[in-house]
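Chemist: I would like the atomic coordinates for the input below:
(chains A, B, C and D)
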There are 2 protein chains.
Amino acid sequence: MFILVNVCSALSSDLTAQAKIRNAAIAHFAHDGFQKTNLRAIAATAGVSAALIIRHFGSKDNLRSVCDDHVLQILVRRARTSAGPVGVQDLSREYLADPEEYGLHVRYMVRAIEEDSSAATTFVNTLVEETEGLFRTGIADGSMRPSSDVRALAVLNVLISLATLTMAPALTRALGYEQMGLDVLQRVGLPMLELYTHGMYVDDTMLKAARTAWEAQQGDHFQRKDIHHG
Amino acid sequence: MFILVNVCSALSSDLTAQAKIRNAAIAHFAHDGFQKTNLRAIAATAGVSAALIIRHFGSKDNLRSVCDDHVLQILVRRARTSAGPVGVQDLSREYLADPEEYGLHVRYMVRAIEEDSSAATTFVNTLVEETEGLFRTGIADGSMRPSSDVRALAVLNVLISLATLTMAPALTRALGYEQMGLDVLQRVGLPMLELYTHGMYVDDTMLKAARTAWEAQQGDHFQRKDIHHG
DNA sequence: CTTGGCGGTGAACACGTGTTTATTCTAGTA
DNA sequence: TACTAGAATAAACACGTGTTCACCGCCAAG
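Modeler: Residues are numbered from 1 along each chain as shown, chains lettered A, B, ... in the order given. Predicted coordinates:
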């Protein structure tokens, strides 16, 4: 229901059954996540039977990887071409600008990131790559400060941009709004830009302290127990 | 398996069955998420039968809410007492400092945030509140720059801190590391501190542009279609 | 007209999993 | 010892869901 009717425009016409299924699956995965959507719901949205999905895609997992590839291709192409001037919160701005198409794909990727699928890795890497390039040119032409670690800075920025999407509900509520919207985004975007232009500390006490502390720690950091992940 | 053996110390002793089940559930929910863990796995870790879980907690959902309350209580108390000087990446630092106990609870909360449970809202709100208070005193004593919107700045900071946790796998890989660890955290932490002390733009071109653009847009922003969420 | 491939379907199967039920074990008490 | 309340369990149940299977039009080729 809900937004699923919106994408009917993308599947009501004379598309092939495979495309209809794929689009319906993308919509459902983006809206409910991979695990929570069942094949019968996808089938209903696509106007086919559940058996046909298996016939065409073999399994639910394979359907997912096909959707991954499709969304990834679209988003990556879009990320490469539309290298905006800021490049930081483009993602969230475009997300709100065109909820029907772009928003669907971005939401799909957000879900993929949360579930840590392989497509998410490629997507994040592409974003980092583009951002890093943007930063390097910015530093070269003098519009940006030089950084000790451009790569890490790019990662940090992508992280922040994506975080506003993945944690949109919590963020929205924390600011007292009901629904994510342009107002919420501007409310967060302004401090973000302020942070980007002049930071939030008045001097470099913290920075120096951290630098010396970490340099001193370099000798024994390897004897720490590592932490397991996923 | 994996980290679950680590928490055996917390449940192998003479705890009551309810506590054993609760701890086992917290470990499993933190490690695999709510949906992917089944009652029989929790029962096995706790050394009891699946039926006993239902007997004591009524349902899986209720068990979840009990775990939510328990973890929330611990984390909130800890957040309130240990108001560190920086307050920004404390979370991730403590996360790595004590993976066995604190890390488990933080991971639990990260999962709760991803699944957007009600406990996550309370937790995020608490963090934002604490951070905002920290910022206001920092601004008052002159160690921090004044901000046009302290609340939003606090939200932004909590967002960034939590993002490094929720997207730890993607972040780690984007920097070319195998596993999250102190090295990764320092690699991101340094640019973060640099960003916090002097920003990354050399002038306020972007900031001014955004400000004027948004002010001009204030007249017609309400006629945009809103986006639906979750 | 028959035939064979192809897109498509409904019903059934297999299995994981939350929950229920009947039963057993255990400890405290008279 | 006998009894009872509650803790704990194994087995069964209910149900959702991915997948398989037998079958059905339909349409071009012979």
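Chemist: List the buried residues of the host helix or strand of residue A:105.
Modeler: For residue A:105, the element it lies in under DSSP states H and E is helix A:104-114. Going by neighbour count (16 or more other CB atoms under 10 Å in any protein chain shown), the buried part of helix A:104-114 is A:104, A:105, A:106, A:107, A:108, A:109, A:110, A:111, A:112, A:113, A:114. Using the backbone N, CA and C atoms, a C-beta is placed for each residue, glycine as well.
Chemist: Turn these into TSV, columns for pLDDT and distance to residue A:38.
Modeler: Shown next, in TSV, are those (pLDDT from 0 to 100; distance: CB to CB, whole Å):
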residue	pLDDT	distance to residue A:38
A:104	92	19
A:105	93	22
A:106	89	24
A:107	90	19
A:108	95	17
A:109	93	22
A:110	89	21
A:111	91	16
A:112	93	18
A:113	89	22
A:114	85	19
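Chemist: just the residues you listed that are near chain B?
Modeler: A:113, A:114 (CB under 8 Å from any CB of the partner chain).
Chemist: Keeping just the C-alphas, turn the helix or strand just after the helix holding residue A:105 into PDB.
Modeler: Downstream of helix A:104-114, the first helix or strand assigned by DSSP H and E is helix A:118-140. Extracted C-alpha coordinates of helix A:118-140, given in PDB (Å, rounded to 0.1, in the frame of the first residue of the first chain):
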ATOM      1  CA  SER A 118      27.300  -6.300  -0.900                       C
ATOM      2  CA  ALA A 119      25.600  -3.700  -3.100                       C
ATOM      3  CA  ALA A 120      25.900  -1.200  -0.200                       C
ATOM      4  CA  THR A 121      29.600  -1.600  -0.100                       C
ATOM      5  CA  THR A 122      30.000  -0.700  -3.800                       C
ATOM      6  CA  PHE A 123      27.600   2.200  -3.400                       C
ATOM      7  CA  VAL A 124      29.400   3.600  -0.400                       C
ATOM      8  CA  ASN A 125      32.700   3.200  -2.100                       C
ATOM      9  CA  THR A 126      31.500   5.000  -5.100                       C
ATOM     10  CA  LEU A 127      30.200   7.900  -3.000                       C
ATOM     11  CA  VAL A 128      33.500   8.100  -1.100                       C
ATOM     12  CA  GLU A 129      35.500   8.000  -4.300                       C
ATOM     13  CA  GLU A 130      33.400  10.900  -5.800                       C
ATOM     14  CA  THR A 131      33.600  12.900  -2.600                       C
ATOM     15  CA  GLU A 132      37.300  12.400  -2.300                       C
ATOM     16  CA  GLY A 133      37.800  13.600  -5.800                       C
ATOM     17  CA  LEU A 134      35.600  16.600  -5.100                       C
ATOM     18  CA  PHE A 135      37.600  17.400  -2.000                       C
ATOM     19  CA  ARG A 136      40.900  17.200  -3.700                       C
ATOM     20  CA  THR A 137      39.900  19.600  -6.500                       C
ATOM     21  CA  GLY A 138      38.400  21.900  -3.800                       C
ATOM     22  CA  ILE A 139      41.700  21.900  -1.900                       C
ATOM     23  CA  ALA A 140      43.700  22.400  -5.100                       C
END
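Chemist: Please point out which parts of helix A:118-140 sit buried.
Modeler: Those would be A:119-132, A:134-135, A:138-139, for helix A:118-140 by 16+ other CB under 10 Å.
Chemist: for stretch A:30-43, same thing?
Modeler: Neighbour counts over stretch A:30-43 (16+ other CB under 10 Å) mark A:30, A:31, A:32, A:33, A:34, A:37, A:39, A:41, A:42, A:43 as buried.
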